[in-house]
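S.K.: Need the 3D shape of this:
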Amino acid sequence: MKIGIIGGGSIGLLFSCYLSKYHEVTVYCRTDSQVEQINRHGVNLKKKNEQQNFPIQASVSTALEPADLYIICVKQYHLNNVIPVLQQTDKNAILLFLQNGIGHLPELKKLAHECILLGVVEHGAMKEGNTTVRHTGQGLTRISEYKGIENNVHTVREILSMEEFPFVIEADYMKMLENKLLANAVINPLTAILNIKNGELLFNPFFNQLFQKFFQEVANVLQIVDQQSALQYLETICKNTAENESSMLRDIKLNNRIEIDGIITPLINKAEEKNIQIPLLYAAYETLRGRTGDR
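M.R.: Residues are numbered from 1 along each chain as shown. Modelled structure (predicted):
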């Protein structure tokens with residue numbers, strides 16, 4: 001399969017390495033310097049104590065070559081630049097969006113493609129320079145159909161899934177996104193504000209109290225029925241990634257824009273619609289806005 005991966009961040013580089021083992025992959029980046037470095041040196045994948053180099057083709061993301069599948073790995077706030085480029089591609093090409101949160105869903109209505117899939121990534125990945133990605137945690141990629149016929153999502157899973165990089169199908173895309181949003185909306189803001197690694201939300205008793213109260217607000221907004229299981233799910237994530245920094249904390253440290261509007265803003269809007277009190281979510285929103293300004 002001919003695959004275009006849009007986004008040269010940690011997830012884009014991770015996917016380009018694994019999928020290039022069996023497919024023709026082009027990774028599309030925002031900067032000419034990253035394109036030049038990837039075309040010259042390939043992409044290095046680090047996992048545990050091993051490193052492997054993949055000779056991957058790169059190009060700028062302002063113009064896309066024809067492909068069977070485009071995997072969109074940019075953050076939600078970059079979609080306004082990507083959507084117009086996707087509108088120029090073949091409408092028979094399959095699109096797979098891998099953004100956090102649910103803030104990107106209205107943008108998909110601008111696309112006339114026959115098949116649009118949504119996904120969430122449970123792998124841990126960290127970008128180390130323009131041509132290197134570290135696979136910090138093994139996980140799954142969950143995909144679900146947003147638009148099209150059911151056979152398409154099964155075809156994509158069968159073609160892409162491999163033992164070391166599995167894809168699984170979820171029947172309900174909104175439930176899938178909200179489960180991931182639950183984790184992102186609790187772990188990311190708290191670790192970013194407190195400047196701590198994920199595990200501290202469990203191991204520090206004061207932070208853990210805040211973690212549980214914050215979870216309660218988000219779970220109420222998302223109308224999670226089995227909140228005990230959902231809390232255990234988040235605790236498992238914190239344990240498995242105890243030594244990791246969340247993506248939001250890393251973005252703050254790197255002076256990058258953070259995903260407030262993709263993760264927190266939709267929850268605030270839902271809470272206001274349902275007249276649910278969310279003092280901690282409001283406080284997190286204002287604190288993060290204050291720390292980052294317009295980033």
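S.K.: how about the helices of the stretch 51-200 of the chain, start to end?
M.R.: 79-86, 105-108, 150-160, 173-194, 200-203 (DSSP state H, counting those that start in this stretch).
S.K.: Now do residue 69: how many residues are near it, please.
M.R.: Using other C-beta atoms under 10 Å, residue 69 has 22 neighbouring residues. (Glycine included, C-beta is placed from N, CA and C.)
S.K.: my bad, should have said residue 10
M.R.: Using other C-beta under 10 Å, residue 10 has 23 neighbouring residues.
S.K.: which residues touch it?
M.R.: For residue 10, the contact set (C-beta atoms under 8 Å, 6 or more residues apart in numbering) comprises 125, 126, 127, 133.
S.K.: export those to JSON lines and tack on distance to residue 144?
M.R.: Below are the contacts of residue 10 laid out as JSON lines (distance: C-beta to C-beta, whole Å):
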{"residue": "125", "distance to residue 144": "21"}
{"residue": "126", "distance to residue 144": "26"}
{"residue": "127", "distance to residue 144": "26"}
{"residue": "133", "distance to residue 144": "25"}
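S.K.: For ChimeraX, what selects the buried ones among the residues you listed?
M.R.: The ChimeraX command for the buried members of the contacts of residue 10 (criterion: 16 or more other C-beta atoms under 10 Å) is given here:
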select :125,126,127,133
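S.K.: Residue 20 contacts residue 56, correct?
M.R.: Yes - using C-beta atoms under 8 Å, residue 20 makes contact with residue 56 at a distance of 5.4 Å.
S.K.: Buried deepest among the helices of the stretch 51-200 of the chain, which one?
M.R.: helix 173-194 (a mean of 22; mean count of other C-beta atoms under 10 Å).
S.K.: Mind exporting the C-alpha coordinates of it to CSV?
M.R.: Written as CSV, here are the backbone C-alpha positions of helix 173-194 (Å, rounded to 0.1, in the frame of the first residue of the first chain):
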residue,chain,number,x,y,z
TYR,A,173,-15.7,6.0,17.3
MET,A,174,-17.1,8.5,19.8
LYS,A,175,-16.8,6.1,22.7
MET,A,176,-13.2,5.3,21.6
LEU,A,177,-12.3,9.0,21.4
GLU,A,178,-13.9,9.9,24.7
ASN,A,179,-12.0,7.1,26.5
LYS,A,180,-8.8,8.5,25.2
LEU,A,181,-10.0,12.0,26.0
LEU,A,182,-10.6,11.0,29.6
ALA,A,183,-6.9,10.0,29.9
ASN,A,184,-5.6,13.1,28.1
ALA,A,185,-7.9,15.5,30.0
VAL,A,186,-6.8,14.2,33.4
ILE,A,187,-3.2,13.2,33.1
ASN,A,188,-1.9,15.9,30.7
PRO,A,189,-3.2,19.1,32.4
LEU,A,190,-2.3,18.0,35.9
THR,A,191,1.2,16.8,35.1
ALA,A,192,1.8,20.0,33.0
ILE,A,193,0.6,22.3,35.7
LEU,A,194,2.4,20.4,38.5
